[in-house]
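Enquirer: Sequence plus the predicted model coming up.
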Amino acid sequence: MPQIAPSTQRTAPPSSPTEVQAPPTNYLNTLGKDIPSGLVVFLVALPLCLGISLASNAPLLSGIITGIVGGVVVSWLSGSQLSVSGPAAGLTAIMIMAISTLGSFEAVLTATVIAGVLQLILGFAKAGIIGMYFPTSVIRGMLAAIGVILILKQIPHFLGADSDYFEDLDFFQFNGQNTFSAIGAALKSINLGAAIIGITSLLILIIWGSKALRRLPFVRMIPGALIVVVVSIAINQLLGVVAPELKVQAAHLVNLPVIGSFSDVVGILRFPDWSALSNGSTYVVAITIAIVASLETLLSVEAVDKLDPHKRHTPQNRELKAQGVGNLISGLIGGLPLTAVIVRSSANIDAGGQTKVSAFFHGLLLLASLLFLADFLNEIPLSALAAVLLMVGFKLTKPALYTSQWRLGLAQFLPFIVTIVAILFTDLLKGVCIGLAVGVFYILKANLESAYFYHHEPSQDPNTVHIKLSEHVSFLNKASIVTTLDRIPAGKHVILDGTESSYIDYDVLEAIQNYRTTAAERNINLELRDIPQVALIAH
């Protein structure tokens, strides 16, 4: 029995879904992969945390605090095994606006605490279900776009001519340049020493990741990023001896605050200004942070699930609760708002992370770096870390991804490619929204072109048209039903059959009622079977 053609969107789960949990994990069995992966994530996250603090006009330490909370706290509260949380580039513009509007960073901390509470409420209200409605083509487009942006954005750092912060994903940069003009400027002012280190680092990563070397057990145990860090520091020290003019200077090295003891950390922490609770703008900022952080988180965990080799599913509502607790704690101790972050999560997967131990270990390393490792870490050239991100970016946007999407047809390829272009020239959320709009267009188009309402029996009168509705008829089916009815020629006997429909949307019922009132004028004999009647509202 033909029914309404199924929509290309995902089917909504029941109203009170039981979220799927991954099987119990023995974390001890995967330490051999998680610890090296956590080290790689730490090396990538360190300059990102510092750069986002700088771009947000916030204290430099605030980004590190956020990364620590994301690693040490959120990793265990989250249901995701591979997602890494921390400060997000997508919130920098909001932070700049918030500090300007509220007048102080401490007032923004108060808004961050409120945002965390709002995310907890969203989690308990099961608002995470919206993550199920992001089309696969858009998620893949988002990942590919981030890969492209990582490559383009890291070229200036790779060449030692960077003037932008390390994880900027926006086309228009805070320093007045854009993605392409920054590359042009970098090519005109290459730092030869940094470029030598960057190229050497990239070659090491390529060779270290080759199939021939990966067969060796010790190669699989040691992450290539660690080799890159050690070699890059050694090369820079050597340049300082044999060619001082080529040595990479402090402006192009990691710049972690040097702190002598834990008491020093406590002494420079910032805390919320609770007087901001009397300012209505505080709540506007809090709601903005909660919405944007929640959307970025849901997008990120959906993308991470697609990259996960084991194809585990992250419970979205649990993730919102985990992020809520994270933002509440981060705001209380002087950190930036946090989200699940795709770049760090991708680096985690690329480095072979298996469980949440890797994200937790990266958080511990961020904490240790504040107390014990600053002097050593401040010797790492940014061009070496840029090489690591170039490899991550390439793996996110491999040419094979584009060809596989093309083979799926235009309805999958066009939202994919539009998402890439839109993110490249705007930012993450705007680009995803544009991609979603294109995806929704194809969903509506598929419903409009549905031809599965007609039902003919060989013994039936040729002048009888039997239209049988499916079990669930939503507003998305309205256009298809109206179009089908309008195409029926005069003189027909039309049977509109809802005997197997458990739900028919009001919009559809209204359209049927409108058709019923005009059927006689069209010389159509309309018979309704189990179709509820609704009152038409006069306009």
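Expert: Cool, the structure landed. The model shown is predicted, which means the values in this text are computed figures rather than measured ones. Numbering: from 1, shown residues only.

Enquirer: Now do the same contact list for the residue nearest to residue 258 when sequence neighbours are not counted.
Expert: Spatial nearest neighbour of residue 258, chain neighbours left out: residue 374 (4.4 Å); criterion: Cβ to Cβ, 6 or more residues apart in numbering. For the C-beta atoms, the positions are set from N, CA and C on the backbone; glycine is no exception. Residue 374 is in contact with 256, 257, 258, 259, counting by Cβ atoms under 8 Å, 6 or more residues apart in numbering.

Enquirer: closest to residue 31 among these?
Expert: Proximity of those to residue 31, judged by Cβ to Cβ, is greatest for residue 256, which lies at 26.4 Å.

Enquirer: So for the closest one, what's the nearest residue that isn't a sequence neighbour?
Expert: residue 374 (4.6 Å).

Enquirer: Can you give me the distance of that neighbour to residue 366?
Expert: Going from residue 374 to residue 366 by Cβ to Cβ, to the nearest Å gives 11 Å.

Enquirer: Ok, residue 193 next?
Expert: In terms of Cβ to Cβ, residue 193 sits 28 Å off from residue 366.

Enquirer: Residue 496 now?
Expert: Taking Cβ to Cβ, one finds residue 496 at 63 Å from residue 366.

Enquirer: ok so, going back, looking at residue 193 and residue 366 now, which is surrounded by more residues?
Expert: The neighbour comparison of residue 193 against residue 366 (other Cβ atoms under 10 Å) goes to residue 366, with 27 against 23.

Enquirer: Tell me how far residue 482 lies from residue 518.
Expert: Taken as Cβ to Cβ, the span from residue 482 to residue 518 is 12 Å.

Enquirer: For these two, indicate the residue with more neighbours.
Expert: Using other Cβ under 10 Å, the more surrounded residue of residue 482 and residue 518 is residue 482, with 17 against 11.

Enquirer: SS state for the more buried one?
Expert: helix (DSSP: H, G, I helix; E, B strand; the rest coil).

Enquirer: For stretch 52-65, give the mean pLDDT please.
Expert: Averaged over stretch 52-65, pLDDT sits at 86.

Enquirer: now do the same end-to-end measure for it.
Expert: One end of stretch 52-65 to the other measures 12 Å (Cα to Cα, to the nearest Å).

Enquirer: Please report how far the residue nearest to residue 50 when sequence neighbours are not counted lies from residue 387.
Expert: Nearest residue to residue 50, sequence neighbours excluded (Cβ to Cβ, 6+ apart): residue 63, at 5.7 Å. Residue 63 sits at a distance of 22 Å from residue 387 (criterion: Cβ to Cβ).

Enquirer: tally of neighbours for residue 269?
Expert: By other Cβ under 10 Å, neighbour count at residue 269 equals 14.

Enquirer: just the one 5 residues further on next, same as before
Expert: Neighbour count of residue 274, defined by other Cβ under 10 Å: 12.

Enquirer: Compute the distance between it and residue 332, please.
Expert: In terms of Cβ to Cβ, residue 274 sits 11 Å off from residue 332.

Enquirer: Verify the contact between the residue nearest to residue 50 and residue 338 for me.
Expert: No. Residue 63 lies out of contact with residue 338 (Cβ atoms under 8 Å); the separation is 9.8 Å.

Enquirer: Touching both of those two, which residues are there?
Expert: What both residue 63 and residue 338 touch, as defined by Cβ under 8 Å, 6+ apart, is the set 86, 87.

Enquirer: Secondary structure class of the nearest residue to residue 275 once chain neighbours are set aside, three-state.
Expert: Excluding the flanking residues, the one nearest residue 275 by Cβ to Cβ, 6+ apart is residue 107, at 8.0 Å. Recorded secondary structure, residue 107: helix (three-state DSSP).

Enquirer: how many neighbours does residue 107 have?
Expert: By other Cβ under 10 Å, neighbour count at residue 107 equals 23.

Enquirer: and it, what does it touch?
Expert: So residue 107 contacts 272, 273, 275, 276, 279, 282 (Cβ under 8 Å, 6+ apart).

Enquirer: can you tell me which of these are in helices?
Expert: residue 282 (DSSP state H).

Enquirer: can you pull out the strands in the stretch 401-539 of the chain?
Expert: 454-455, 464-468, 472-473, 493-497, 503-504, 525-529 (DSSP state E, counting those that start in this stretch).

Enquirer: quick one: which helix or strand includes the most centrally placed residue in the chain?
Expert: Centroid-nearest residue in the chain: residue 300, 2.8 Å away (criterion: Cα atoms, centre = their mean). Applying DSSP states H and E as the criterion places residue 300 in helix 280-307.

Enquirer: Which positions within that helix qualify as buried?
Expert: Across helix 280-307, burial judged by 16 or more other Cβ atoms under 10 Å covers 282-283, 285-286, 288-290, 292-305, 307.

Enquirer: Please apply the same query to stretch 248-264.
Expert: 248, 252, 253, 254, 255, 256, 257, 259.

Enquirer: what do you get for stretch 465-484?
Expert: Here stretch 465-484 shows 465-470, 473-474, 476-482, 484 as buried, counting by 16+ other Cβ under 10 Å.

Enquirer: Could you do stretch 513-531 as well?
Expert: 513, 515, 516, 519, 522, 524, 526, 528, 531.

Enquirer: per-residue confidence for the last one?
Expert: Translated: residue 531. 88.

Enquirer: That one contacts residue 508, doesn't it?
Expert: No. Using Cβ under 8 Å, residue 531 is not in contact with residue 508; the gap is 9.5 Å.

Enquirer: Name the nearest residue to residue 119, ignoring sequence neighbours.
Expert: Using Cβ to Cβ, 6+ apart, the closest residue to residue 119 is residue 324 (3.3 Å).

Enquirer: Just list the residues touching the nearest residue to residue 528 once chain neighbours are set aside, thanks.
Expert: Of all residues not flanking residue 528 in the chain, residue 496 sits nearest, at 5.3 Å (Cβ to Cβ, 6+ apart). Each residue near residue 496 by Cβ under 8 Å, 6+ apart is listed here: 467, 469, 512, 526, 527, 528, 529, 531.

Enquirer: Could you double-check that the second one lies in contact with residue 502?
Expert: No. Contact status for residue 469 versus residue 502: not in contact, 10.3 Å apart, counting by Cβ under 8 Å.

Enquirer: any residues touching the helix or strand hosting residue 231, and which ones?
Expert: Under the criterion of DSSP H and E, residue 231 resides in helix 224-242. For helix 224-242, contacts defined as Cβ under 8 Å, 6+ apart pick out 36, 39-40, 43-44, 193, 196-197, 200-201, 204-205, 208-209, 246-248, 351, 379-381, 383-385, 387-388.
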